[in-house]
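Peer 1: how would this look folded up:
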Amino acid sequence: MYTLKKANTFIEENSERIIADYRNDYHLMAPVGWINDPNGFIYYKGEYHMFYQYYPYKAVWGPMHWGHSKSKDLINWETVPVALAPDQPYDKDGCFSGTAIEKDGKLYLMYTGHIEGETEEDIRQVQCIAVSSDGINFKKVEQNPVITEADLPENAKPQDFRDPKVVKKGDFYYSLIASRQEQDGGQILLYKSKDLLDWQFVSVMLKGEKGEGPMWECPDIFELDGKDVLLLSVDGLPKKENNFLNTHSVVVIIGEMDWEKGIFHKETVEELDYGLDFYAPQTIEDDKNRRIMISWMQMWGRNIPTETEQHGWAGSMTLPRELFIKNNHVYQRPVAEIKNYYTNKQDYKIIKLSDETKAFEELSAEVSAIELEVDVKEGKRFDIELRSNQIEKTLLSYDCETSILELNRVNSGIELVGKEEEHVYKRSVYCEPENNKINLEIFLDRASIEVFANQGRYTLTSTIYPTKKADKIKVTAEGIVEIVRLEKWDIEV
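Peer 2: Predicted structure coming up:
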């Protein structure tokens, strides 16, 4: 039997026993055990709260709890007691993903209760509510589960019915819930309520077609710069050129939501991140009217070295990102608060390279931010070696002739392989120069790299696990490439 007391006692007794070699310095992690999806992201009573799918007892996925951290600035996180444990008949095999919303000064969590059976057909997923008046201690309501199999429309499997996202529109709360169609295919179901307890089915808000993945997960919806934006995390989306190469992908859909009819009208569909480790993002609007997103910085179906090497923990979140729309695309920028932790600035201007390599011997970049502006007008290609030592490196390359930006971790350190048909070591994206220049913001942590290209038009997020100290930077040019500006800071939290 899992309980909150058991979980919190285990964390207290075992947090100091982990191996911290790959612990990130400025990314949110749990103190011990396994984490995956961010849950219940909210700005509440002057603080950011992030809950997450959590199994404290081992560095592997297990019966899900809701871990909990809070922060005043999105960078420096404090671990607080576990919020939910699978301790009721309706959630006995897991408190799966969900959302948080404030009502009458109280914090409400809506989550999926997962119930295993003797066979896969016997699995049931139901929606539940927990409430807190202090944002730390939660009580599951007596009415649970508040949405069950009986509330499903036709063509919706009760075995895959999860990840509620709650928003308020007028007098109603709406819940978007991911569902699997009877013959496979994702769909988002819409429910509404006046009190978060009594829910009515409204509509199939969006239905997946053939080739759009067998199951959608973790929906999020928000208004941004006059548009409605829907985020979906998709299991098994067929790959398409450079897109959707991971086992699971995140798509961003810009369109228009008709709340009266409960229908979402699609306009554009794109992959949200072009790296190797990015899934299940959640967003909030904070007190500064910013739309901020955090995602799980791992990928299903691949080895995680901190688990296989028995470090006692697994999983990290991305750097929080502010979202905005430009030219009908969603852009991502690191939140401004990260700059409060910049130190030890080093900078270079106007370095012209012609078919040559420059090693920045005096630069050390391990837990760092790098800003780079490169003029590619006369170039053929440039390679940036990051987190490198004598045998390992993470390679960021740009082909000036095809405008392809590529992140390659084949030589980054511990090999990361998954259940894809072909092992995926690199990802790439078409990234057109702006005024003949490519702008890159690169964030390095102990076990991660996040690349923001051309003011956040494209991002590439990946984990890396160097086997020894790797902090060197080297740039190689084919043709004539001019580094207009290179600035580097260490990040100290």
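Peer 1: make it CA atoms for all contacts and neighbour counts henceforth
Peer 2: Will do.
Peer 1: So for stretch 196-216, what gets flagged as buried?
Peer 2: Judged by neighbour count using 16 or more other CA atoms under 10 Å, the buried positions of stretch 196-216 are 196-197, 199-208, 212-216.
Peer 1: Name the residues that touch that stretch?
Peer 2: Stretch 196-216 is contacted by residues 129, 143, 146-147, 151-153, 173, 178-180, 184-193, 232-238, 261-264 when judged by CA atoms under 8 Å, 6 or more residues apart in numbering.
Peer 1: Regarding it, how distant is the last residue from the first?
Peer 2: Taking CA to CA, to the nearest Å, stretch 196-216 runs 23 Å from one end to the other.
Peer 1: For it, give the mean pLDDT please.
Peer 2: Stretch 196-216 carries an average pLDDT of 97.
Peer 1: Select only the buried ones of the contacts of stretch 196-216 in ChimeraX?
Peer 2: Listed next is the ChimeraX selection for buried residues among those, using 16+ other CA under 10 Å:
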select :129,146,147,152,173,178,179,180,184,185,186,187,188,189,190,191,192,193,232,233,234,235,236,237,238,262,263,264
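Peer 1: circling back to that earlier point, show only the entries of the buried residues of stretch 196-216 found in strands.
Peer 2: Of those, the ones assigned to strands by DSSP state E are 200-207, 215-216.
Peer 1: Spatially, which two of the residues you listed are the most separated?
Peer 2: Taking CA to CA as the measure, these span a maximum distance of 22.8 Å, between Gln200 and Met215.
Peer 1: Just the buried residues of the longest strand along the chain, please?
Peer 2: The longest strand of the chain (DSSP E) is strand 472-491. Across strand 472-491, burial judged by 16+ other CA under 10 Å covers 472-486, 488-491.
Peer 1: show me what contacts the residue sitting nearest the centre point of the chain?
Peer 2: Among the residues of the chain, the one closest to the centroid is Ser295, at 1.5 Å (CA atoms, centre = their mean). Residues near Ser295 by CA under 8 Å, 6+ apart: 37-38, 278-282, 317-318, 320.
Peer 1: now the strand or helix carrying it: mean pLDDT?
Peer 2: Using DSSP states H and E, Ser295 sits within strand 291-296. Averaged over strand 291-296, pLDDT sits at 99.
Peer 1: Could you point out the helix or strand that follows that strand?
Peer 2: Beyond strand 291-296 toward the C-terminal end (DSSP H and E), the next one is helix 305-308.
Peer 1: List the buried residues for that next one?
Peer 2: In helix 305-308, counting by 16+ other CA under 10 Å, buried: 305-307.
Peer 1: Asp163 contacts Ala100, correct?
Peer 2: No - judged on CA atoms under 8 Å, Asp163 makes no contact with Ala100 at a distance of 11.4 Å.
Peer 1: Can you list the residue ranges for strands in the stretch 151-300 of the chain?
Peer 2: 161-169, 172-180, 186-193, 200-207, 215-224, 227-235, 248-258, 263-271, 279-285, 291-296 (DSSP state E, counting those that start in this stretch).
Peer 1: can you list contacts of the longest one?
Peer 2: I take that to be strand 248-258. Contacts with strand 248-258, where a contact means CA under 8 Å, 6+ apart, come from 227-237, 263-273, 278-280, 299-300, 328-330.
Peer 1: Could I have the buried ones of the residues you listed as ChimeraX selection syntax?
Peer 2: A single ChimeraX command selects the buried members of the contacts of strand 248-258 (16+ other CA under 10 Å):
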select :228,229,230,231,232,233,234,235,236,237,263,264,271,272,273,278,279,280,299,300,329,330
